[in-house]
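Visitor: this is a predicted model, with the sequence first.
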Amino acid sequence: MDGVIVDSEYTYLESKTQILHSAGKNLPLSYQYQFMGTTYEFMWQTMKDELGLLEEIDYYISEMNRIREEMIQHDGVRAIKYAQQLIKELATAGYEMAVASSSPKREIIRNLTELGLLDCFQVLVSGEEVERSKPNPDVFLRAAELLMADPNECIVFEDTRNGALAAKAAGMYCYGFENPDYPAQDLSMTDKIITDLKEAEFNI
């Protein structure tokens, strides 16, 4: 979802930068790239351990969400270019689709509702609902299971290294979406790298 359907990565980067700065941790933005595609809990626990952050991770997650909510209230839920059109075309053509995201389920539902896409998906799976976060394949395998689909017949869109590793570990074909508006991720393990969702090929 994040970075493929919803233009939300900037809210994560900015909110975490503010929190880390307040904690006296002035790190380059590139430090955060390793967490793109992972769950909130994994991300903040890792930063707490690595940086010696003093508060509990629930505090940092709450603060991140508070700052992000202010940004979303100001900017609205923004879609990645062509994402809405592509999803609606695929739904109309009869493709069965799932969102398999590390974000909380409530955020998945909210974003898809705001963008008018909720009814296009048969399955929604959150990182909260599986044992292991990306780069492990759990969230994708659960989505395939609920769709009653063979993982080898599934196509994944991912914009992060962690997500792409998870997709390939699940045995799925993976488009690496290299969004020119965000920092470059290592997507070399994907089957095909695209810089615009219009480059994806389907028999619609």
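Guide: Cool, the structure landed. Numbering: from 1, shown residues only.
Visitor: quick one, strands of this protein?
Guide: Along the chain, the segments classed as strands by DSSP state E run 98-101, 123-126, 155-158, 173-177, 192-194.
Visitor: partners of the second one, with directions?
Guide: By that I understand strand 123-126. strand 98-101 (parallel) (DSSP bridges).
Visitor: mind giving me the domain split of the protein?
Guide: 9-75, 83-199 (automatic domain parsing).
Visitor: for the shortest one, the distance to its chain's centre please.
Guide: Just to be clear, that refers to domain 9-75. In terms of C-alpha atoms, centre = their mean, to the nearest Å, the centre of domain 9-75 is found 15 Å from the chain centre.
Visitor: do stretch 90-101 as well
Guide: 16 Å.
Visitor: please spell out which residues along it are buried.
Guide: Using 16 or more other C-beta atoms under 10 Å as the test for burial, stretch 90-101 gives Leu90, Ala91, Met97, Ala98, Val99, Ala100, Ser101. Any C-beta I mention is one placed from the backbone N, CA and C, and that applies to glycine too.
Visitor: any idea how far Gln84 is from the second one?
Guide: Separation of Ala91 from Gln84 (C-beta to C-beta, to the nearest Å) stands at 11 Å.
Visitor: got it, and Phe177?
Guide: As defined by C-beta to C-beta, Phe177 lies at a distance of 15 Å from Gln84.
Visitor: higher neighbour count, these two?
Guide: More crowded of Phe177 and Gln84, by other C-beta atoms under 10 Å: Phe177, with 26 against 16.
Visitor: right, and that one touches Gly163 too?
Guide: No - the criterion here is C-beta atoms under 8 Å, and Phe177 misses it with Gly163 at 9.6 Å.
Visitor: residues in contact with Val125?
Guide: Neighbouring residues of Val125 by C-beta atoms under 8 Å, 6 or more residues apart in numbering: Ala98, Val99, Ala100, Ser101, Val139, Arg142, Ala143, Leu146.
Visitor: which residues of this protein score low on pLDDT?
Guide: 203-204 (pLDDT under 70).
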